[in-house]
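# build me a model from this:
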Amino acid sequence: MMENRSYEDLMAELELVSKRLSSESLLMEEMVELYERGMELNSILSKMLDSFDARIEKVTLEYTKNEG
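Predicted coordinates:
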């Protein structure tokens, strides 16, 4: 599931999840839910990075093709 939020916003949420997981005051159920959310965010962010990389590669190839 891709979320309609910015990369930076999702990364900030992942950082928050990570900090909360480091807390010693969580119940096991909360820890599992946070872990699941963290893995979901990681997957979304990874797909976004792949998309950004593909776009950059496309532009770079077009630019170098037009140069020569």
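
# would you map the helices across this structure?
Here the chain has its helices, by DSSP state H, at 7-21, 28-67.

# most neighbours per residue, which of those helices?
Among those, judged by mean count of other C-beta atoms under 10 Å, the one packed with the most neighbours on average is helix 7-21 (a mean of 14). Every residue, glycine included, has its C-beta placed from N, CA and C.

# what angle separates that helix from helix 28-67?
150 degrees (axes from the mean of the first three to the mean of the last three C-alpha atoms, to 10 degrees).

# start the count at 5 instead of 1 going forward.
With 5 as the first residue, the last one maps to helix 11-25.

# thinking again about what came up before, reformat the helices of the chain as a markdown table; add mean pLDDT.
As requested, the helices of the chain are exported to a markdown table (pLDDT from 0 to 100):
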| stretch | mean pLDDT |
| --- | --- |
| helix 11-25 | 97 |
| helix 32-71 | 95 |
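
# tell me the centre residue of the chain?
Central residue of the chain (C-alpha atoms, centre = their mean): Leu49, 1.8 Å from the mean position.

# no more questions from me, cheers.
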